[in-house]
Structures are given as C-alpha cells and as structure tokens.
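In: Just the structure for this:
(2 chains)
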Amino acid sequence: MPDGYDEEGGVNQEKRFAVALERYIDSKDGDKMNLFAEQEAWEDHQINKATLKFGSKNKKQSDDYNFVFEDQIEFIQEQVMGGVDVDEEEERERSIAKSAHEKLLADRKTLPVYPYRESLLKAVEDHQVLIIVGETGSGKTTQIPQYLHEAGYTKRGMIGCTQPRRVAAMSVAARVSQEMNVKLGHEVGYAIRFEDCTCEKTVIKYLTDGMLLREFLGEPDLKSYSVVMVDEAHERTLSTDLLFGLLKQIARFRPDIKLLISSATLDAEKFSDYFDCAPIFRIPGRRFPVEINYTKVPEADYLDAAIVTALQIHVNEPAGDGDILVFLTGQEEIETAQEILKQRTHGLGSKIPELVICPIYANLPTELQAKVFEATPQGARKVVLATNIAETSLTIDGIKYVIDPGFVKMNFYDPRTGMESLKIIPISKASANQRAGRSGRTGPGKCFRLYTAYTYYNELDDNSVPEIQRTNLANVVLSLTSLGIDDLLTFDFMDPPPSEAVLKALELLFALGALNKYGELTKVGRKMAEFPLDPMLSKMIVASDKYKCSDEIITIAAMLSIENSVFYRPKNKQVHADNARLNFYTGNVGDHVALLNVYNLWKETNFSAQWCYDNYIQLRSMKQGRDIRDQLKGIVERVEIELVSNSGDLDAIYKCITSGYFSHSAKLQKNGCYRSVKHPQTVYIHPSSGLCEALPRWVVYHELVLTTKEYVRQVSEIKPEWLVEIAPHYYELKDVEDLGSKKLPRGKGRASKL
DNA sequence: GAGCACTGC
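Out: Coordinates of the predicted model:
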C-alpha cells in the first residue's frame, strides 16, 4: 500500500492528504502524475475546485480598495432577535468543580432547562403528550431523558429520543453516557442504520427517526418504550411526520406511554393543535442577540450582492472579531463565489486583512470539510461559503456575521409525471431565522438578509413545504399499509401529502402485486415491506427468488441505492475514466449489469482500495454499497428468499429488473428519443448511461429526472414480450407491438445481444 | 454528451 495511505481514514488521513498534495503539486510541474496520487489528491474533481488553485494568476489589477465602497449595498437594521445571557456565576461554579465527572454534573445544573426540572416532570405526569419548545443550547436533548429516568419512567420501558441525523444520535448518546457515568451501549445507547449500540440493559436510547419508524414495523405498539421524545420535530423530515401520525394513534390505546414533541418556537401552536391541544412547555435557550438587517431595495443578483456584502463586512468591521457565513444554493455557486472573492481580495492586496475562504457542502471530501473547523489565524477573517448543510447539520464556531441571500435548492417530485427535479426557491421565514441564529452562538451576531423587510414579511412562507408533500410516497404507503393503516387518504397527517401522490403510490403497489384489489397487503407486499428500499427495488429482490439470481439482484439493488455515482470522473482525465468504465460494459450489457460487474470485480480483489483507484471507481461509494448489500442479504434470509447465484443467465437478471420496473418501460422513437409506454412522455437516455449511444429499441429505467432535459438514468435493454409475460395485468399485446426497424435511425435500435 | 440541496432506512 502506498505510503501515507490508510484505508480506513482516521489517524493517517492528514498525512495521507499532505503526501497526495505534494504529489499533486509535483505533477503540476512535471505532468507525470500517477493515477493514485491524483485520486488521492482529488478524490473527486471538487477538491481541485475547492482548494487548489496553484498558478492562478488572474488578479484583477483594476480592483482596488475603493471598489468595496463604490459598490456598497444599503442595509436597514430592522429588528434584533432576542437572546438569553449566559450566567457568569454559573460558569465560574462550573470551572471550579474538581473531578471531570463532577464537572459534568455541575455542567448539568448550569443548563437553562435545569430550573424547569420539577415543573417539567409534573407536566409529564399530568399530560400524556407535551410539546416542548426548547431553543438551541437549552439542554433539552441530553437532560430531559435523564430527568425522566431519574423519576423512574425507565422501570416501565425505555425512553426513546429520536434525532433527524445519525451523528446527532451518536454524539448525544455519548454525552449522556458520560454524564451518567456508564459505558456507552449499556444503560445509554444509540441505534442508527448499520449500527445498534444498545443491549438488554439500555434504558435511554437515542435513535434516528427513520430507525424508530423501522422499529414500529416490528413492534406496532412500541411496548418496549415508556416514553418517546421526538426531537427537532420542526425539521419535519419524512420520518418525523410519519411518527407523528403513528404515535398519536398508539397514544389512544396506550395511556401509559408519554410523548414529548420538541419543536422550535414558530410552529409550537401547530404541533399543539395537532396533538389535541397538548400543553406547550417553554424552555429558554442560551443564545446571544442577533441584529437583523435587510436590503433597502431588492437585489437582482444575489451572488454578487453576497460577495459585495462579505467584503463590506470584512473591511468595515474590525478583523478578528468574528467570521462570516454565507448561505448559497449549491456547489457551482460556491465555486463561483470562491473564485470571485479570491480575485477581488487579491486585487486589494495587503490593504485589507487576510480573508480565508472556506467552502463547505455535503459532497466535499471530509478532509476538506475539516478546514471549516480550523481556528482562524490571528488578524485574519474566515468567510464560510456553505449550502444548507450549515443551517442544521453542522455548527461552525466563531461565526458572527451571516449573509442570507434567501434561496435554497430543493428536490420536488411530480406524481403526475413521476419526475424529480431540483429547484432553486425562496426560503421560508423559519429557515431565515434558523440561518440568522447561526451568527449568535458564541456572541452577539449580525445577519444581513439580501432581500427587503417587505419580502420577509409578505412574500416568504412561514415554513418550508414539508418533505412528505414533495416526495415519492411509494415506500411510505407500503410501510403504513403494513402497519394496518388502510385508508391513507383519511390518515391523520399533520400536513397531508397531495392525494395525487398517494393514489400514484397505491397504483404502483397494486401493479407490483404488493396490494390486492381491496388495498390489502399481499404475501409479496409483506416481504417487500421488510426492505428499506423503494418498492420497485424490493419487488425486484422478491422476484429474484423465482428467477434464482437473488445474489446478483441484491448487489444491483445495493449499487442503485448508493447516493453518489460510483464512477469517478476527474475533469482532466475524463477520457481515461470513460475508457476504464467501458470495461464494465463488455458484452453490451446495460447499466444495471455494469454495476453488478463493478461490485463483483471489486469483491474478487478482496475489496481492494488500489483496484478502485486503478479503475476510476469511488472507494467510499463502494464501501457504502457493501454495507447496504450486507443489510439486504440479512433481510433476504429473514424473509426466506433463497440466496442463489446465477451469473451466467443475464436474461434472468433482466427479467427480475423488469418485474420491479415494468412501469418504467420506454420505447425508442424515430428521432432517437424514447417514449414511455403507458403514460406517453418523451424522455432521453442520460449521457452517462452505457446505452446512450446503442439506443436499444426497448428499455426499462431506474429513474426519471428533469435537468436540462427529461433524462432516464440507469437503463437496461429488455424484450417487449417480457412486459406482457411479467406484467400481464399492466400491458396488453398491443402495447408492445413492434413497428419494425425501418422507421428507426440507421444502425440504431438493434436488438443487440438479445 | 451531462450536472451533482440535504437527510434517512
């Protein structure tokens, strides 16, 4: 293994990156960089974009110090978001505590929630459901479960506390286990996907909301819990929204269970109304006041306005008094902003203090994300260019100024077309306040909103559209049905999803054979519900029992579930990367089998990292695929699907895929585009597909996304007669009648290997 | 010949 390299990351990571960086710099001179060094240094093309701009000499000579002042944006200070001061006496008390554990215990008493301990316990005793409004820093997440434990609630069952994110569940559990002086995983534990850190002794359990939802499926009355606390409920994830409905329902026949719903101020009344006027218990937070500024007039170009504002803050406010956080919508915007900021500050030279630019977004490699958390050098100022990741998922210390252009990129699903698309839309008031609050964590903050006060008050929605109203519901409907909820159109959702989306999901589940004509779960549906996958993928796996190729199919299902592409394609090595990728397509196979080949070849090398580098494959994605595959393998055994391999019979594999994806069939048209068979719509094969040039006559596809065109991604060729054979309830012979190849483009539409 | 908000099971 090359020096400085550590497969599992961790201790060697820093060294490893330094080594790679050196090689990268060397290669810039000699242009004889080997692939390994390249991938180490890049991991993907974003690394280059993010930090390495050697030799970029594009200084803007004309820009000088005055520039910043010429282009000023006028702000109006409108309001101050109140804060609660930190009690210095308590701080002192805490610091003189003796042992580490004593200090922890003293710490507990300084939290804003502590004075409310008795009244809170009384409220829980008197009411089955309680809405808790606890601002950030109140200590609610760590303390309330402990108070309830101390009061004896754990004698009747566990206290479960849900979190929207895995890291939160893990770190909060770790903290509480320290405070209680117990080993993590014993009395205090956590459960997240792929990792159950609990045992029979566990009485306080932190878990992701999605995990509790899974537990519901196995234990519909949650009898092992005496208390469930849904934390960060205002985030309205798909899972919390489902938990609301389910918890509200079990509260009726389980008078002994206590529910705590913890939410932010803005929508506490809404939560209370939903839970039959449950009382609202308010706990102050520990946040500093934030000054809110709006622009005088609307800004047409928010990216430019954000950059100008950042520079304005930088030169007008004393250096070293706090860093700047700018909210942008995506990677490309962040890269552009970074480039412009670099040019302009370069132009100002030594006239201004140093400005350290830190991009951060989810797809940025972890070692580069770490840069955001490094201390700002003396006399310099940091400007963090972030996506929405900085709104909730991570907290950066030292931020005093927030610049909020007021936009976010959000995914929407159109149930009518079955198409997904990412749209840039204005944020909500709740989101704007959350962003502003990011500036008041370590001291008084200032927020600059790049929109007018009028816009804030009159044009922004109070809250964002909850996820449940803008997503494909196929999996939700299957899960709820398996919990015995048969009438989803009247189910008590806090915000019901569009009925069109529910009907579309029911229609699909019926077509897949998961539901019968009475809307009841079938044997097939029951098996499908066990898989944490989209129902079309689950069906594909269930069908693999019949075609005797479950081993291959769970690999394909796992590979299709990976978040990012497994194919690594750095910008300056695209030709090499594309050539390497072709190896996985030998035999003119589709994208599904290509993914299968990638996994199997990797497995043959005993999951070698070097192999990934040699073949332009992203190691991290592959590891994720392996984890998912292992989980699917366990479920396949549990639902008694025989795990068998039949790698020689590709038709069996394609038929399995068709069993899940027959509704995603498309037929080649004269002009090289495709038309979906049942709901006529013109689509195109995505250029990243191995079949985008072969253009087979009939295909099934995994997903349909709207970007610059209506693209289908992950495509395989099928025989049209399979559609009638596999889904006779869905297709008639006339649907798949072939008009012959004469009308097709020359050389295209051949039934390649079939 | 193209585009990557953010989570989660």
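
In: ok, now which ones touch A:S464?
Out: With C-beta atoms under 8 Å, 6 or more residues apart in numbering as the criterion, the residues that contact A:S464 are A:R236, A:V408, A:M410, A:I427, A:S428, A:A430, A:S431. For glycine as for every other residue, the C-beta is placed from the backbone atoms N, C-alpha and C.

In: Where does it sit: helix, strand or coil?
Out: Secondary structure for A:S464, judged by DSSP: H, G, I helix; E, B strand; the rest coil, is coil.

In: What's the separation between it and A:F412?
Out: In this structure, A:S464 and A:F412 are 12 Å apart, going by C-beta to C-beta, to the nearest Å.

In: what's around A:L706, how many residues?
Out: By other C-beta atoms under 10 Å, the residues close to A:L706 number 16.

In: In the sheet, which residues pair with it? Tell me.
Out: A:E710 (DSSP bridges).

In: Look at it and report its pLDDT.
Out: Per-residue confidence for A:L706 comes out at a pLDDT of 94.

In: for the one 4 residues further on, same thing?
Out: We note a pLDDT of 93 for A:E710 in this prediction.

In: quick one: the strands in the stretch 601-750 of chain A?
Out: For the stretch 601-750 of chain A, strands defined by DSSP state E, counting those that start in this stretch occupy the ranges A:665-668, A:674-676, A:682-685, A:698-706, A:710-717.

In: cool, and the stretch 151-300 of chain A?
Out: With DSSP E, counting those that start in this stretch, the ranges of strands along the stretch 151-300 of chain A come out as A:158-163, A:188-192, A:195-197, A:204-208, A:225-230, A:258-263, A:280-283, A:290-295.

In: so which of those strands gets nearest A:F373?
Out: Between A:F373 and these, the tightest spacing by C-beta to C-beta is seen for strand A:158-163, at 20.7 Å.

In: What are the contacting residues of that closest one?
Out: The contact list for strand A:158-163 (C-beta under 8 Å, 6+ apart) reads A:141, A:144-145, A:148-149, A:153, A:169, A:172, A:202-209, A:211-212, A:222, A:224-232, A:239-240, A:243.

In: Please repeat the previous calculation with a cut-off of 7 Å.
Out: Counting by C-beta atoms under 7 Å, 6 or more residues apart in numbering, strand A:158-163 makes contact with A:141, A:145, A:148-149, A:153, A:169, A:172, A:202-209, A:212, A:224-232, A:243, all of which sit outside it.

In: Give me the distance between A:A501 and DNA strand B.
Out: 15 Å (C-beta to the nearest atom of the strand, to the nearest Å).

In: what's the burial count for that residue?
Out: Neighbour count for A:A501, taken as other C-beta under 10 Å: 23.

In: Could you pull up the residues touching the residue nearest to it when sequence neighbours are not counted?
Out: Nearest residue to A:A501 in three dimensions, chain neighbours excluded: A:P415, at 4.1 Å (C-beta to C-beta, 6 or more residues apart in numbering). Contacts of A:P415 were listed using C-beta under 7 Å, 6+ apart, and they are A:P498, A:E500, A:A501, A:K504.

In: ChimeraX command for the buried members of these?
Out: To isolate in ChimeraX the members of those that are buried, counting by 16 or more other C-beta atoms under 10 Å, one can use:
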select /A:498,501,504
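
In: For DNA strand B, state which of the contacts of A:P415 is nearest.
Out: Within the set of the contacts of A:P415, A:A501 lies nearest DNA strand B; the separation is 15.3 Å, counting by C-beta to the nearest atom of the strand.

In: quick revisit: now mean neighbour count, mean pLDDT and distance to DNA strand B too, for the strands of the stretch 151-300 of chain A, in CSV please.
Out: Written out in CSV, the entries for these read as follows (neighbours: other C-beta atoms under 10 Å; pLDDT from 0 to 100; distance: least, C-beta to the nearest atom of the strand, whole Å):
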stretch, mean neighbour count, mean pLDDT, distance to DNA strand B
strand A:158-163, 25, 96, 8
strand A:188-192, 25, 96, 4
strand A:195-197, 16, 94, 8
strand A:204-208, 27, 97, 4
strand A:225-230, 24, 97, 14
strand A:258-263, 25, 94, 17
strand A:280-283, 18, 93, 25
strand A:290-295, 22, 93, 23
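
In: Tally up the residues packed near A:L394, please.
Out: For A:L394, the neighbour count with other C-beta under 10 Å is 15.

In: Same question for the one 4 residues further on.
Out: Other residues within reach of A:G398 by the criterion other C-beta under 10 Å amount to 17.

In: Name the nearest residue to it, ignoring sequence neighbours.
Out: Using C-beta to C-beta, 6+ apart and skipping the chain neighbours, the partner closest in space to A:G398 is A:D323 (4.9 Å).

In: where does the stretch 51-200 of chain A dip in pLDDT?
Out: Along the stretch 51-200 of chain A, the model assigns pLDDT under 70 to residues A:51-71, A:82-98.

In: which parts of it sit against DNA strand B?
Out: Remark: the part of the stretch 51-200 of chain A in contact with DNA strand B comprises A:P164, A:R165, A:R166, A:V167, A:I192, A:R193, using C-beta under 7 Å from any atom of the strand.

In: What about the third one, how many residues nearby?
Out: Here the number of neighbours of A:R166 (other C-beta under 10 Å) works out to 18.

In: Touching, it and A:Y190? I think so.
Out: No - with contact defined as C-beta atoms under 7 Å, A:R166 does not reach A:Y190; the gap is 8.8 Å.

In: Give the intersection of the neighbour lists for these two.
Out: By C-beta under 7 Å, 6+ apart, A:R166 and A:Y190 have no common neighbours.

In: Would you convert the strands of the stretch 601-750 of chain A into CSV that also reports distance to A:G157?
Out: As requested, those are exported to CSV (distance: least, C-beta to C-beta, whole Å):
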stretch, distance to A:G157
strand A:665-668, 49
strand A:674-676, 50
strand A:682-685, 51
strand A:698-706, 41
strand A:710-717, 44
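
In: As a markdown table, those strands with distance to DNA strand B would be great.
Out: Converted to a markdown table, the strands of the stretch 601-750 of chain A look like this (distance: least, C-beta to the nearest atom of the strand, whole Å):
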| stretch | distance to DNA strand B |
| --- | --- |
| strand A:665-668 | 15 |
| strand A:674-676 | 14 |
| strand A:682-685 | 8 |
| strand A:698-706 | 7 |
| strand A:710-717 | 7 |
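
In: Those strands: which one's closest to A:A577?
Out: For the strands of the stretch 601-750 of chain A, the distance to A:A577 is smallest for strand A:710-717, at 17.6 Å, taking C-beta to C-beta.

In: List of residues touching the closest one?
Out: For strand A:710-717, contacts defined as C-beta under 7 Å, 6+ apart pick out A:419, A:560, A:590-592, A:654, A:657, A:666, A:682-686, A:689, A:691, A:696, A:698-705, A:752, A:754.

In: Okay, angle between it and strand A:698-706 too, please.
Out: Orientation note: strand A:710-717 sits at an angle of 150 degrees relative to strand A:698-706 (axes from the mean of the first three to the mean of the last three C-alpha atoms, to 10 degrees).

In: And strand A:710-717, how far out from the chain middle?
Out: Per C-alpha atoms, centre = their mean, to the nearest Å, the displacement of strand A:710-717 from the mean C-alpha position of its chain is 23 Å.

In: Same check on stretch A:628-636?
Out: Between the centre of stretch A:628-636 and the centre of its host chain there is 21 Å, according to C-alpha atoms, centre = their mean.

In: the helices in the stretch 551-700 of chain A, which residues?
Out: Chain-ordered helices for the stretch 551-700 of chain A, with DSSP state H, counting those that start in this stretch as the definition, fall at A:574-582, A:591-604, A:609-614, A:619-638, A:650-661.

In: Name the residues of the first one that are buried.
Out: What that stands for is helix A:574-582. Judged by neighbour count (16+ other C-beta under 10 Å), helix A:574-582 contains these buried residues: A:A577, A:A580, A:R581.

In: any idea how far stretch A:557-566 is from the chain center?
Out: The gap between the average C-alpha position of stretch A:557-566 and the chain average comes to 14 Å, counting by C-alpha atoms, centre = their mean.
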